[in-house]
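[1] just need the structure, nothing else, for what follows:
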Amino acid sequence: MEIVVLPCKSIPPITTPSKHESLAEFSPKHYKPSVNFSNNHLKLSSKPNSIITDTHLNHLCYKHRLNEAIVVLDSIAQYGFKVKPNTFARLIQTCIDMKSINLGREFHKRIDLVNVTPFIEAKLVSMYAKCGSLEDARKVFDEIRERNLFTWSAMVGACSRDERWREVVDLFFSMMEDGVVPDNFLFPKILKACGNCGDVEACKLIHSMVIRCGMKHEIRVNNSVLGAYSKCRMLDSARRFFENMEWKDDVSWNSVITAYCNKGDVGEAQRFFELMLKEGIEPGLRTWNIMIACYNQLGSCDIAMEMMKEMKSFGITPDVFTWTSMISGLAQNNRRIEALELFRRMLLEGTKPNGVTLTSAISACASLKDLYKGKELHSIAFKTGCADSVLVGNSLIDIYSKCGELEAAQLVFDSVLEKDFYTWNSMIGGYCQAGYCGKAHDLFMKMQESGLLPNVVTWNAMITGYMQKGAEDQAMILFDIMEKDGKVKRDAASWNTLIAGYLQNGQKNKALEIFRQMQSLNVKPNSVTLLTILPSLANLVSAKKVQEIHGCVMRWYMESDLSVSNSLVDTYAKSGNLVYSKAVFDEMPTKDIVSWNILIGGFVLHGRPFDALHLFDKMREMAVEPSKGTFARIISAYGLAKMVDEGKRIFSSMIEEYQILPCLDHCAAMVNLYGRSGRFEEAIAFIEDMPIEPDFSVWVALLTACRIRGNFKLAALAGERLLELQPKDTVLHQLVSELHALCGIAKDSLEVKMPERWKENKENVGQSWIEVKNRVYTFVSGDQCHPNAELAYSRIRSIGEKFKGFDSFRMFCFDEEESEEICGVHSEKLAFAFSLTKSPHASKTIRIVKNLRMCTDCHFTAKVISKAYGCDVYVSDSSCLHHFRDGRCSCGDYW
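    As a prediction, the model looks like this:
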């Protein structure tokens, strides 16, 4: 603890040169009477009587007729008289009351008409500070030679009102050097400054001074010490001090409760709240508001709501701050409909909303895009006089922009007189979102003309607008000049807008190029960056790129970000690397239900049902409650394992035990469960009993099962239902026609007819993509012009020789492309051959993406290659992910 010597007798003031030039305009030697008496003013035929003059000046002060008071002072100056200090002080105080710095300056010019006392000097300091000129207040203060407690208090109070906390602390130390000790009025102001600027050492020093000065029983000072420790986050010191306080009031309790709330320790705050009740001190409105706000900020809105009800039982009526805290809390925790309902209740109970309340409610409407309620709130804002405030105006611009009402947004924008960054950015963003980049650019230029330079949010909004419009070159120009000409440093969001824009426009390689450029410049990505780029790599030809992004995640220590780790698990699984997917999952420090669902889904995708079911059992052992998505995946796993009874039990458990109503995903999984095991009667009965109308996925599940199992009659029924849902699907028309022929059904019996114009282009063109040596190659069915076509076709012939000894599996095919006799060799065969030719020794794993469903012949070819060449072959087609190994496929020949 620093040793402080307290003065025990008066110390002569230290004469120091002024920090500023003396205020020449206020110096007596420059004074000349500039106003003469006329018939309209008081006439003095003889020397004025000082008593009468002071009385008259006091009367003019009372009437706020200060211009006449100046005339009287000028008259007095002609006779060389002075006014009483108290009278002059009243004149200065009246200037403060009228907030007239100009009149204050006039009186300051006439300072020679009074015997200047420290009280007068303090009044002058207060006048300049309270009238908005802290600089002039400081000049007056610096020229005071003999500063006492009054003058120091005036200057400290001036800086405190202007929230110049560091200057207050500096003034305290200067004050101590001057031999002046603060009193019980000044200590709280200095302690508040220490707390707000986090000066822990000053807090400790003043605490010791309070004890030495005998003020430890002053409740106001003690509360200030407690508040300072709390704001400096010295909770142990604050708690000890609180417990040692002899007498505590509601301010003391509020300080310690607020301290724990600010820390986020709502449990400890609640304990002090309950202790307060036990000690017989009823919490006031402020205490209840502190607790309710804390629970809302931590997302515990239900507890906050209960506290709001409880406070009413104590006879305390919620005020506008209580309601605002609840409405804001619900809105920020994605409970926006409840927030708006609570706002309605607030109005019914007669509480008038303020600007913050309206802003929270309007923001909730903006998120819901509820234009009707937004207009209602706009009307309320007009009635309460809040419509012109920048806060409410910004939220109104936001909702009108998001709802496409740009004219209304522009009207609100024009009505906001003091526009801030958010005002301009909301309007510019609204035009960009609607595709009006020209209007957005005009506003962008006007913003600069108004003297407000665009910030990084403004630039990002403009870049996003141009990217969404497809004007990528213009977006890149803005991106390049924002740092050079705009003098605005790019942030992660600036890069994210480009990456997202290129992905949206189908330019994945360009998006990756931007991401790599971002890394080369050592710009740290955020979770949005990674969550934008990773889903675009969820395919078989991007496996190496996923590892590249994973390396970036580790380099920036972002593994602890749950959403990023979940995305990595998902992307690895979909890119064919289930080993890495599980490894990331196992290393995750925390997991949510999404984490479990993703890996369970990954096992199902790769045809490993028993691994999925084992993980589900492990999840339940860890007391993680399954969600809708979990059950859809688990029913699919039971289907793959052909465990129909177990699948039926889990479906019933979902409804009865977990009260989850089945959706279409669950229904499609159940039909698949029955179909894979050939239990068609149960499948049809399930479809007929469905509480919701079957969609495309349900009928496809039945069609696939019937097609593979040879139940052509039922397959035809499923096909007809699919045609009703998608009458323009030419492949379906062809399939149903073939099924009708097999069943002996007349060709003309099909109710949904295919117009002639669709028949001309009914066949799709098969395309496949493969990555070899970090380069992606594209193959088209029947393509003989490919640079590597000759090598590929030669290899295909040699692969054909490997077919000997293999039994091919034949079934009724659901071909999405023409047979090889018509269109030529299918694209995936060309990709197989190319991979084996280009890197025969490195082709331990072949990964191919195809745009259409594999035919049975290509499926058989992949089996042969995996067996004959001892490699893993992954093919992702429009139906599922196939993993071929040792002559078998993960789909079980069911696709």
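
[2] burial check on N460, number of neighbours?
    N460: 26 surrounding residues under other Cβ atoms under 10 Å. C-beta here means a position set from N, CA and C on the backbone, and glycine is covered the same way.

[3] tell me who's in contact with L91.
    Contact partners of L91, counting by Cβ atoms under 8 Å, 6 or more residues apart in numbering, are 57, 61, 66, 69, 107.

[4] I'd guessed M155 sits against D142; true?
    No - M155 is beyond contact range of D142, at 9.3 Å (criterion: Cβ atoms under 8 Å).

[5] returning to what we had before: closest to L340 out of the contacts of L91?
    Nearest to L340 among those is L66, at 51.6 Å by Cβ to Cβ.

[6] can you count the residues close to the closest residue to that closest one other than its chain neighbours?
    Among residues not flanking L66 along the chain, L103 sits closest, at 4.9 Å (Cβ to Cβ, 6 or more residues apart in numbering). Number of residues near L103 (other Cβ under 10 Å) recorded here: 21.

[7] helix, strand, or coil at L103?
    Assigned by DSSP: H, G, I helix; E, B strand; the rest coil, the conformation of L103 is helix.

[8] can we start the residue count at 696 from this point?
    Sure thing, new numbering starts at 696, so read that last one as L798.

[9] list the contacts of it.
    Contacts of L798 (Cβ under 8 Å, 6+ apart): 761-762, 765, 790.

[10] who has more neighbours, M850 and D837?
    Using other Cβ under 10 Å, the more surrounded residue of M850 and D837 is M850, with 26 against 16.

[11] which elements pack onto the strand or helix carrying the more buried one?
    In the assignment (DSSP states H and E), M850 maps to helix 844-856. Judged by 3 or more Cβ pairs under 8 Å, 6 or more residues apart in numbering; DSSP states H and E, helix 844-856 is in contact with helix 813-825, helix 829-838, helix 860-872, helix 882-891.

[12] possible to save the ones you listed as JSON lines with mean pLDDT and distance to E969?
    Output for these, formatted as JSON lines (pLDDT from 0 to 100; distance: least, Cβ to Cβ, whole Å):
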{"stretch": "helix 813-825", "mean pLDDT": "87", "distance to E969": "43"}
{"stretch": "helix 829-838", "mean pLDDT": "88", "distance to E969": "44"}
{"stretch": "helix 860-872", "mean pLDDT": "90", "distance to E969": "34"}
{"stretch": "helix 882-891", "mean pLDDT": "91", "distance to E969": "26"}
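
[13] can you redo those as TSV with distance to T1532?
    Formatted as TSV, the helices and strands packed on helix 844-856 follow (distance: least, Cβ to Cβ, whole Å):
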stretch	distance to T1532
helix 813-825	86
helix 829-838	81
helix 860-872	74
helix 882-891	73
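
[14] so where's the stretch 1396-1545 of the chain uncertain?
    Within the stretch 1396-1545 of the chain, the segments meeting pLDDT under 70 span 1442-1458, 1481, 1483-1487, 1492, 1495-1510, 1534-1538.

[15] can you give me the helices in it?
    1407-1420, 1425-1438, 1451-1454, 1484-1495, 1515-1518, 1522-1533 (DSSP state H, counting those that start in this stretch).

[16] most neighbours per residue, which of those?
    Per-stretch averages of neighbours, counted by mean count of other Cβ atoms under 10 Å, single out helix 1522-1533 among those, with a mean of 25.

[17] and that helix, how far from the chain's centre?
    Offset of helix 1522-1533 from its chain centre (Cα atoms, centre = their mean, to the nearest Å): 46 Å.

[18] what's in contact with that helix?
    1461-1465, 1467-1468, 1472, 1474-1476, 1478, 1481, 1483-1484, 1486-1491, 1494, 1538, 1541, 1543, 1545, 1549, 1553, 1556-1557, 1560, 1564, 1568, 1570.

[19] out of those, list just those in strands.
    Per DSSP state E, strands hold the following members of the contacts of helix 1522-1533: 1462-1465, 1467, 1472, 1474-1475, 1541, 1543, 1545, 1568, 1570.

[20] adding neighbour count and distance to T982 as columns, could you present these in CSV?
    Formatted as CSV, the ones in strands among the contacts of helix 1522-1533 follow (neighbours: other Cβ atoms under 10 Å; distance: Cβ to Cβ, whole Å):
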residue, neighbour count, distance to T982
Q1462, 18, 68
S1463, 27, 69
W1464, 21, 65
I1465, 25, 68
V1467, 19, 69
Y1472, 20, 70
F1474, 27, 72
V1475, 17, 73
I1541, 26, 69
I1543, 26, 67
K1545, 27, 66
V1568, 25, 68
V1570, 27, 66
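
[21] of all these, which two lie farthest apart?
    Farthest pair in the ones in strands among the contacts of helix 1522-1533, by Cβ to Cβ: V1475 and V1568, 20.0 Å.
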